[in-house]
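A.B. asks: Show me the folded form of this:
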Amino acid sequence: MATVRPFQGILYDPKRVDLSQVVAPPYDVISPVEQRRYYRQDPHNVVRLIAGEVRPTDTEEDNKYTRAAGFFQQWLADGILRREARPGLYVYSHQFVDPISGHERVRRGLLGVVELEPFGSGVLPHEQTHARAKADRLSLTRAVVANLSPVFALYEDPASLVGSIIASALAEPPRLSITSEDGDHHTVWAITAAERFHDLAEVYRTSRLYIADGHHRYETALNFRNKQRHDHPEAPPDAAFNYVLMLLVDVADPGLMILPTHRLLHDFERFDPALVRKLGSHHRVTPRSDRVALLAAMQEPTPGHRIGVALGQGGGYFTVDVARATTADPVSRLDVSVLHDEILRRELGLEPAELESERYLSYSRDVGGLLDRVETGAGQAAFLLRPPAVSDVVEVARAGRVMPQKSTYFFPKPASGIVFNPLAAGIRIGPA
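C.D. replies: Next up, the predicted model:
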């Protein structure tokens, strides 16, 4: 059901830049401190494209989007970036350290372009999105006219056909080999043989694609495509703007990993300090002696739903075990849904619009930092979650449902700066 094609990508020239100094994570996980560090790291770091500085003097003519477009065009003109001579696909191996076990893991995927289609048939989402983030990414895409970071999607290959098709490419020297500042190793091989394009396209044609990360980027690509079709009605079906850059990873890949995203409640005027007592009337609440005991309890296998709670002002640490009736709805079976339904909405009275606006709730994967904020009074309560499984993501997507926002954090994020996909109206995508 998915249409995957090779493309003439734009890559950094390794003779002109140190690749380890120009790649970065996707825009949505770059903090202001990290942004400034990437700016200092190298004048050609991809952060200038994907997460540019906002300045007090910004105008409609000079802002982070127009500056990103200027950098992109200047780097092309200077040879810092070069467009490939012919279409290709790229095998991308990401070697990293599992932050939980400390063991080394490897995730492997294929970078290519996928024909855009509305969610619901061949491409399925699993998470809600925010309008603000989509508007930001659309403004950037319109300015730069390129996909700067890939959408990360999962596919199903029960016969493991992709591995045999790309084996010959992996036997060759890699096109790129980058050790980024965080110690992760990124290795990229190019596939340029037409018969490999065809064979891979046939495998993907039989699978749906499940968006793992990059829902905002995918919806942005759809919106950009629709505008381009309106402005260029004569453009052929293989115009580049009808496609989006994707990293495709097998759902059975042993390197797939999801980390939890925890919640911090702050500045909530209706907060009831008696929250734990109220929860105890409906669920099993267990006090934990300190943060170490709380984190250990969150690692214990339990048959039901377990939420970790830390209260500010010395309110203590607790686990809440929620008994919930078995349901056929895959979203209702998730710990994050239990948190949102049973605690945030039922007990605290947070409305869906308040959750969407993030007025009282912020999100973090840094559990230590989150608990620090509660203990210092910067937050009223922290709610700790266990991550969903990859199978949960696929099941929710298949059911045509979506999880609450920021329910999954696939780790690590694919690097931005490996390859860019130009989208100008005159560019066409080749056949499989």
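
A.B. asks: Can you classify His216 by secondary structure?
C.D. replies: helix (DSSP: H, G, I helix; E, B strand; the rest coil).

A.B. asks: what's it in contact with, if anything?
C.D. replies: Counting by CB atoms under 8 Å, 6 or more residues apart in numbering, His216 touches Asp28, Thr129, His130, Ala133, Lys134, Arg137. No exception for glycine: its C-beta is placed from N, CA and C like everyone else's.

A.B. asks: 6 Å instead, please
C.D. replies: Residues near His216 by CB atoms under 6 Å, 6 or more residues apart in numbering: Thr129, Ala133, Lys134, Arg137.

A.B. asks: and these, which of them are in helices?
C.D. replies: When those are checked against helices (DSSP state H), the matches are Ala133, Lys134, Arg137.

A.B. asks: you'd agree Trp155 is up against Arg208?
C.D. replies: No Trp there; residue 155 is Tyr. No. The pair Tyr155 / Arg208 is not scored as a contact, 7.5 Å apart, by CB atoms under 6 Å.

A.B. asks: More neighbours: which of these two?
C.D. replies: Tyr155 (25 against 18; other CB atoms under 10 Å).

A.B. asks: and that one, what are its bridge partners?
C.D. replies: When assigned by DSSP bridges, Tyr155 has beta-bridge partners Asp250.

A.B. asks: wait, what's in contact with it?
C.D. replies: Going by CB under 6 Å, 6+ apart, Tyr155 touches Ser207, Leu209, Leu248.

A.B. asks: how close does it sit to His94?
C.D. replies: Applying CB to CB, to the nearest Å, the value for Tyr155 to His94 is 17 Å.

A.B. asks: Scan the contacts of Tyr155 and report the most crowded one.
C.D. replies: Leu248 (27 neighbours).

A.B. asks: quick one, helices of this structure?
C.D. replies: Taking DSSP H, the helices of the chain run over residues 32-41, 47-50, 64-78, 131-144, 161-170, 194-205, 215-231, 275-280, 291-299, 335-338, 352-357, 367-375, 390-398.

A.B. asks: mean pLDDT lowest for which of the ones you listed?
C.D. replies: The weakest mean pLDDT among these belongs to helix 352-357, with a mean of 83.

A.B. asks: for it, the distance to its chain's centre please.
C.D. replies: Relative to the centre of its chain, helix 352-357 is centred 21 Å away, using CA atoms, centre = their mean, to the nearest Å.

A.B. asks: Can you list the neighbours in contact with it?
C.D. replies: Under CB under 6 Å, 6+ apart, the answer for helix 352-357 is an empty list.

A.B. asks: Same check on stretch 280-291?
C.D. replies: Val276, Leu279, Leu294, Ala297, Tyr317, Phe318, Thr319, Val320, Asp321, Val322, Leu371.

A.B. asks: Please identify which pair of these lies farthest apart.
C.D. replies: Spatial extent of these (CB to CB) is set by the pair Val322 and Leu371 at 21.0 Å.

A.B. asks: When those two are compared, which one has more neighbours?
C.D. replies: Neighbour tally, Val322 and Leu371, criterion other CB under 10 Å: the higher count belongs to Leu371, 23 against 18.

A.B. asks: For Ser407, see how far away the more buried one is.
C.D. replies: For Leu371, the distance to Ser407 - CB to CB - is 20 Å.

A.B. asks: got it, and Arg291?
C.D. replies: From Arg291 over to Ser407 (counting by CB to CB), the distance is 23 Å.

A.B. asks: of these two, who's got more company?
C.D. replies: Taking neighbours as other CB under 10 Å, Arg291 and Ser407 compare with Ser407 leading, 27 against 19.

A.B. asks: Based on its surroundings, how many neighbours for the spatially closest residue to that one that is not a sequence neighbour?
C.D. replies: Leaving aside its sequence neighbours, Ser407 sits nearest to Val336 (CB to CB, 6 or more residues apart in numbering; 4.6 Å). Counted by other CB under 10 Å, the residues lying close to Val336 total 25.

A.B. asks: How about Ala415?
C.D. replies: Counted with other CB under 10 Å, residues neighbouring Ala415 total 24.

A.B. asks: Spell out which residues sit in contact with the residue nearest to it when sequence neighbours are not counted, please.
C.D. replies: Counting by CB to CB, 6+ apart, the nearest residue to Ala415 once its immediate chain neighbours are dropped is Val23, at 4.5 Å. For Val23, the contact set (CB under 6 Å, 6+ apart) comprises Ser180, Ala415, Gly417.

A.B. asks: and which of the residues you listed is nearest to Trp189?
C.D. replies: Distance to Trp189 across the contacts of Val23 (CB to CB) is lowest for Ala415, with 15.3 Å.

A.B. asks: so what's the closest one scoring on pLDDT?
C.D. replies: For Ala415, the pLDDT comes out at 97.

A.B. asks: same deal with Val322?
C.D. replies: For Val322, the predicted pLDDT is 89.

A.B. asks: Pull the number of nearby residues for the closest residue to it other than its chain neighbours.
C.D. replies: Nearest residue to Val322 in three dimensions, chain neighbours excluded: His305, at 4.3 Å (CB to CB, 6+ apart). By the criterion of other CB under 10 Å, His305 has 21 neighbours.

A.B. asks: can you tell me how far His305 sits from Arg107?
C.D. replies: 28 Å.

A.B. asks: if we can go back for a sec, would you reformat the contacts of Val23 as JSON lines and include distance to Phe224?
C.D. replies: Output for the contacts of Val23, formatted as JSON lines (distance: CB to CB, whole Å):
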{"residue": "Ser180", "distance to Phe224": "28"}
{"residue": "Ala415", "distance to Phe224": "22"}
{"residue": "Gly417", "distance to Phe224": "20"}
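
A.B. asks: Among those residues, which one sits closest to Gly349?
C.D. replies: Ala415 (41.4 Å).

A.B. asks: Now do the phi/psi pair for the closest one.
C.D. replies: Dihedral pair for Ala415: phi -70, psi 140, per degrees, to the nearest 10.

A.B. asks: Run the chain-centre distance for the longest strand along the chain.
C.D. replies: Using DSSP state E to define each element, the chain has its longest strand at strand 104-115. Centroid displacement of strand 104-115 relative to its chain, using CA atoms, centre = their mean, is 13 Å.
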